[in-house]
Structures are given as structure tokens and as C-alpha cells.
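> Sharing a model prediction with you, sequence too.
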Amino acid sequence: MEILKNYPLQHLNTFGIAAAAKEFVSVTSVAELAEVLKENAGKPLFILGGGSNMLLTQDINALVIHININGIEVVWQDENTVHIKAMAGENWHGFVQYCISKGYGGIENLSLIPGNVGTTPIQNIGAYGTEIKDTMVSCEGMNIATQQLTTFTNEECEFAYRESVFKGRLKGMYVITSVTFALTRTHHKINTSYGDIAAELAKHSINVPTIKDVGAAITAIRQSKLPDPKELGNSGSFFKNPIISAEQFEKLYVKHPQMPHYILNEFEVKVPAGWLIEQCGFKGSRYGDAGVHARQALVLVNYGNATGAELLALSKKIQDTVLDTFGIAIEAEVNVV
Ligand code: EPU
């Protein structure tokens, strides 16, 4: 494994930001990862997966370790269930498609989410009524300091909305090397309850959808709303949907009866940040090469040569305006580096 100096990262982050790594190495096996971690102990390190959930605002003054470990393996199965393990460097959507092609159900609602398998437990990726926590059995992580591999059960990951123990208590301590899912081989739990899925299926006159149909419907919906990072740099949802108190919600709802919302429990209501941002007039706006996507206000885009600092400034302006207008603080979902 060669350690490269001053390595350009533009093609390794989906925002397409031009930034460089002081040092860079790509590892293709768990053994190589252990070796690099051991040999570079004490150095500042930066673990890079699919680069789909970060905004680079500066060069990375560290050794960037690119997790390029591939492989998919069935570890156990019976008639109804399969436990399938994917290595961290597998492209997430490729893995979803592989599972659908084998008739394994449970992650089809997570079709077309950018990024790699290894990052999925870190922020408990979710879309269209499904989250990783619904099917993940366990994941393996390598302790950066000791190079020991530990298995984390679903419970030990302490999953919550876009959160896990790896963003909290164990932040920066482990590199996820593989993730194992329990998927259905029969009796699939088809979930078409979210938003536009039923309408998309109806368009194709599908009454009894298969997991393949659901995957295709979600792919079509995402393609219609979300920009393809290969064509327009972006990092998916830039912000999390804020959770506000029922009391605050009731006051706002009187003024904005059209405000979409999800009642979480007696005390909390989740409000779509995309709606709040659109109401503030940002949808489709552009400042130089930094902008807000025209079809989904939750997504910031790089029209070509935006810097991370410009996108960060735009995100701050949006946060300030939403706070002034609605009294709601919205938090970034992407990692600002
Ligand atoms: N909305 C607007 N304007 C917008 C965007 C949304 O009014 O510009 C409204 C929609 O009309 C709808 C509501 O907000 O009533 C929710 O919109 P949508 O279904 O598009 O979902 P979201 O809450 O904006 C979340 C996830 C997405 C995920 C979708 C579908 C977060 C932060 N984002 O977005 O995840 O694909 O639901 O499940 O939870 C991602 O994380 O990168 C991502 C794209």
C-alpha cells in the first residue's frame, strides 16, 4: 500500500469539492486496514467511505484512509431468512440491487441512497419508512487504537433518527469494516405507506408489488426529486428534519395550517426542514456555484466550483433565516470537515 502525498479528493466526495489530503492510502482488506492503523499510530487520521455525507471546507491535514474493502457473503440462511454480510467498501445501492436480484427483502426502500455500506450504521440511514436499524443484525468495527475487531449488535449501536453510538460515545474510535443484515426470503414485508410510493406503483398499474417493484418505484421517485451526484454535486439531505415540542407545533400550526408534520408522540412533532426552507424562499436559489436544489429544498448543491466554505455560508444563512422565521433551529445532517 502506497501512501500518496497531497492527494486530490474531488472525485471522492459527492459534493465534488476540490480539496486535498495531506496523505492518502486506499485499503482493500481488513488486514491492510490493521497494518495501516498500526504503522501510523499517533498520526492524525481521517476515515473516508463513500464521501457522500460530508462537506469539505478545507484540505485534510491528516492521513486519509479510504475504505475500499469489498465482498458480499451469505453467513446463514433458512427457508425464510438470510443473514447477509457486506464489507464496508461495497457501494450501498449496488448491494441493495444485489439483494433484490436474489429475492432478499427488507432494504428495497433504501434504494439509490448514495454512499457505501460501512457508513450506513453510523448515521442509521433511512428513507421511505425504513431505516438500517430495521434489518441490521450487527456490524463489525476495528478499534483504531488497538486494531481489534469488535462485533456490535443492533442494540449496541444505540440507533435513533440519523444517529448511532458511532456519532456519539464512540465517535472517532472505530472503523466499520462490515455490516450484516437479516433479510426475508419469503413473506416479504412490503412497505408502500410512505408518501408517493403507492402513487408511483399505481402509475404502472401494480397492485401487488414485489420487492423489485418497490425498489424501482423508490428509484424513480428519488430520481425525480434528488439530484444525481454524478451530474450535480450534493450530499443528499443537508439538514435533519427538526423535532419540536407539541406546544411549539400547535402555535405554528395555527399560523401555517398547511405545514406538513409527523406526530412522534404526545410531546414531540417532526417537521420537514425542506418545507421550512422552501417557505423561507430558498428553494432553487443560487449564490455563485452554491445553491439549494429546485426540487428538494433540503438538498444543497454545487453547480461546479463552489467551495466548501461557500456552501457552509449558505447553510448558515438558511439556518438563521429558518430560526428567525419559525423559531426552529435546524441542524446539519452532513459532517462539516
Ligand atoms: N417538502 C417541501 N419542500 C421541499 C421538500 C419537502 O414542502 O422542498 C415537503 C414535502 O412536500 C413533504 C415533506 O416536506 O410534505 C417531506 O418531504 P420528503 O418526502 O421529500 O422527505 P424529507 O423529509 O424532505 C426525508 C429524508 C430523505 C429521504 C426522504 C424520504 C431526512 C433528513 N431526509 O426527506 O433522506 O429520502 O425523507 O424518506 O430525514 C438523505 O438523508 O440524504 C435523504 C435524502
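Yep, it's here. Numbering: from 1, shown residues only.

> residues from the stretch 101-250 of the chain in reach of the ligand?
Contact residues, the stretch 101-250 of the chain versus the ligand (Cβ under 6 Å from any ligand atom): 127-128, 194-195, 226, 236-237, 240-241. To be clear about C-beta, it is placed using only N, CA and C from the backbone, and glycine gets the same treatment.

> all helices in the protein, in order from the N-terminus.
Using DSSP state H, the helices found in the chain span residues 30-39, 92-102, 197-203, 211-225, 246-255, 273-279, 308-326.

> and the last one with helix 246-255, angle?
Think helix 308-326. If you take axes from the mean of the first three to the mean of the last three Cα atoms, to 10 degrees, helix 308-326 sits at 80 degrees to helix 246-255.

> How about residues contacting helix 308-326?
15, 17, 19, 55-58, 238-239, 252, 273, 276-277, 279-280, 282, 287-292, 300, 302, 328-330, 332, 336-337 (Cβ atoms under 8 Å, 6 or more residues apart in numbering).

> Apply 6 Å and report the result again.
17, 55-57, 276-277, 280, 282, 287, 290, 300, 328-330 (Cβ atoms under 6 Å, 6 or more residues apart in numbering).

> returning to what we had before: what is the nearest of the residues of the stretch 101-250 of the chain next to the ligand to Lys43?
Closest approach between these and Lys43, by Cβ to Cβ: Gly236, at 30.4 Å.

> who does the closest residue to the ligand within the stretch 1-150 of the chain bridge with?
The ligand sits closest to Ala127 of the stretch 1-150 of the chain, with a gap of 3.6 Å, by Cβ to the nearest ligand atom. On the basis of DSSP bridges, Ala127 is bridged to Thr130.

> Leaving aside the residues adjacent along the chain, what's closest to Glu108?
Gly215 (4.0 Å; Cβ to Cβ, 6 or more residues apart in numbering).

> I'd say that neighbour and Ser111 touch.
Yes. If you go by Cβ atoms under 6 Å, Gly215 and Ser111 touch, sitting 4.5 Å apart.

> So for the residue of the chain most remote from its centre, what's the pLDDT?
Using Cα atoms, centre = their mean, the residue of the chain lying farthest from its centre is Val254. It sits 33.4 Å away. If you check Val254, the pLDDT there is 96.

> Please apply the same query to Glu73.
What the model reports for Glu73 is a pLDDT of 98.

> ditto for Gly195
77.

> Domains of the protein: list them as residue ranges, please.
When the chain is parsed with automatic domain parsing, its domains come out as 4-67, 72-225, 233-336.

> Check the spacing between Tyr128 and Arg222 real quick.
In this view, Tyr128 and Arg222 are 9 Å apart by Cβ to Cβ, to the nearest Å.

> just Thr119 next, same as before
Applying Cβ to Cβ to Thr119 and Arg222 gives a distance of 18 Å.
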